[in-house]
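Chemist: Turn this into a model:
(one chain, ligands or ions: 4)
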Amino acid sequence: MELTDGYGRNINYLRLSVTDRCNMRCIYCMPSEGIRLLEHHEVLSYEELLLVARAAIANGIEKIRVTGGEPLVRKGIIRFLEQLAAIPGLRQLVLTTNGLALAEMAEPLRQAGVQRLNISLDSLQPETLARITRGADVNKVLAGIAAAERAGFPLKINMVVMRGINDAEILDFAALTLNRPITVRFIEYMPSIRSDGWQERVVAGESILEQIGRRYPFVAQERDGLAGPARIFRIDGAAGDFGIITPVTGHFCEDCNRIRVTASGRVRSCLFADNGLDLKPFLARGDQEGLAAALRSVVACKPKQHALVEQDNSYTSFAMAAIGG
Ligand SMILES: Nc1nc2c(ncn2[C@@H]2O[C@H](COP(=O)(O)OP(=O)(O)OP(=O)(O)O)[C@@H](O)[C@H]2O)c(=O)[nH]1
Ligand SMILES: C[S@@+](CC[C@H](N)C(=O)[O-])C[C@H]1O[C@@H](n2cnc3c(N)ncnc32)[C@H](O)[C@@H]1O
Ligand code: SF4
Ligand code: SF4
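Modeler: Ligands and ions are numbered 1, 2, ... in the order given. Sure thing, here's the model as predicted:
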């Protein structure tokens, strides 16, 4: 079975958030006071998350990305991932993490059946990373990345580029791909937390490409059908790739292939569009058919693109940690 939306897009990718909690408080993701955290009973249990995953897979989802908050802070995550990996029909199980817990957890994650990791790292400079994350230790993240490499994971590193904060490090990040088979993606900062003058902070993906191109020749790479929104390139002779993710200046919505389910059980048709449809009533009744119909109805209502593209200000401010990015 395939899931197709009203614009003919095939929806095969589910971003599944398992928690809204996090051991970082990145400035672009949540306000300084943190976010109102879900009560324990509001968060879907692992059994409920597995029911959602099974319904999604039975209806055409082939790739699940586990996200958060920070997915690795939820107790029992490894056992849950093992169960998720065992669902027939799931072609890709991948996870996005801030890397803080990877030094201990990389190997168990690999054993559990996670196929790839995307790790967020916005600076290689200790002071800058501490400023962006409000306190994290860059060495801990780097140790996590090293453990993930040792465990044999294909790795992507996500850097949210912000003018005047970390944009001086673009070439340093691009250079990480010269000798290591990793992919570094430069992400345009999105104003998910509404703030005046956010446009000043955005460094356009095209200007990142120009900057890298002045130093290194590179060529575009192919994109596969389950891929996320990045455009991928390789510096001539490099071991790894780099990419740009352009939610603000680009128009990748026309290739959108994903839906999201939040830790509180709301399925969202678009990152920016709405509050989503509550799956809890279906889960409470064990209503598999209702669950499947709810997922299909959300896919059918997917918007063509997000509000930012039209400079429309109609979306509501939100913490990315509450949605899963
Ligand atoms: N606007 C927008 N941004 C997205 C969307 N999907 C992912 N992003 C952003 O892209 C960045 C990277 O997301 P990841 O969690 O690494 O996932 P991905 O890029 O889909 O991953 P791959 O499976 O490796 O292609 C994050 O900043 C996300 O918030 C989307 O549908 N819309
Ligand atoms: C919400 S986080 C959840 C997973 C994990 N805690 C992490 O940071 O990788 C998922 C992704 O969203 C990105 N993100 C969060 N807020 C963003 C924003 N305002 N603009 C662009 N990317 C953002 C993060 O950099 C991260 O790559
Ligand atoms: S981006 Fe990830 S690590 Fe940073 S605060 Fe948000 S959820 Fe936590
Ligand atoms: S902003 Fe919405 S429509 Fe655009 S790629 Fe993201 S989820 Fe899809």
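Chemist: Please list the residues of the stretch 201-325 of the chain that sit near ligand 4.
Modeler: For the stretch 201-325 of the chain, the residues in contact with ligand 4 (CB under 6 Å from any ligand atom) are 229, 252-253, 256, 258, 270-272, 303, 305-306. For every residue, glycine as well, the C-beta is placed using N, CA and C.
Chemist: Redo those as CSV? Include pLDDT.
Modeler: CSV is the format used below for those (pLDDT from 0 to 100):
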residue, pLDDT
Pro229, 89
Phe252, 88
Cys253, 92
Cys256, 94
Arg258, 96
Cys270, 93
Leu271, 91
Phe272, 85
Pro303, 92
Gln305, 88
His306, 79
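Chemist: Looking at the residues you listed, which is nearest ligand 3?
Modeler: Leu271 (13.5 Å; CB to the nearest ligand atom).
Chemist: check which helix or strand covers the closest one.
Modeler: Per DSSP states H and E, Leu271 falls between elements, in no helix or strand.
Chemist: which residues touch it?
Modeler: Listed by CB atoms under 8 Å, 6 or more residues apart in numbering, the contact set of Leu271 reads 247, 260, 306, 323, 325.
Chemist: Assess the claim that the first one and Glu188 are in contact.
Modeler: Yes. Because the distance of 5.7 Å satisfies CB atoms under 8 Å, Pro247 is recorded as touching Glu188.
Chemist: hang on, the earlier thing: out of the contacts of Leu271, which one sits closest to ligand 3?
Modeler: Closest approach to ligand 3 among the contacts of Leu271 (CB to the nearest ligand atom): Gly325, at 6.7 Å.
Chemist: Which residue comes closest to that closest one once chain neighbours are left out?
Modeler: Of all residues not flanking Gly325 in the chain, Thr67 sits nearest, at 5.8 Å (CB to CB, 6 or more residues apart in numbering).
Chemist: Need phi/psi at the one you found.
Modeler: When quoted as degrees, to the nearest 10, the phi and psi of Thr67 stand at phi -140, psi -170.
Chemist: hang on, it packs against Asn98?
Modeler: No. Using CB under 8 Å, Thr67 is not in contact with Asn98; the gap is 10.6 Å.
Chemist: Quick check: Glu127 vs ligand 3, distance?
Modeler: Here Glu127 is placed at a distance of 17 Å from ligand 3 (CB to the nearest ligand atom, to the nearest Å).
Chemist: Which helix or which strand is home to that residue?
Modeler: Per DSSP H and E, Glu127 falls inside helix 126-133.
Chemist: what's that helix packed up against?
Modeler: If you count contacts as 3 or more CB pairs under 8 Å, 6 or more residues apart in numbering; DSSP states H and E, helix 126-133 packs onto helix 138-150.
Chemist: Briefly note if stretch 186-196 comes near ligand 1.
Modeler: Yes. If you take CB under 6 Å from any ligand atom as the test, stretch 186-196 does meet ligand 1, through Ile187.
Chemist: All set now, cheers.
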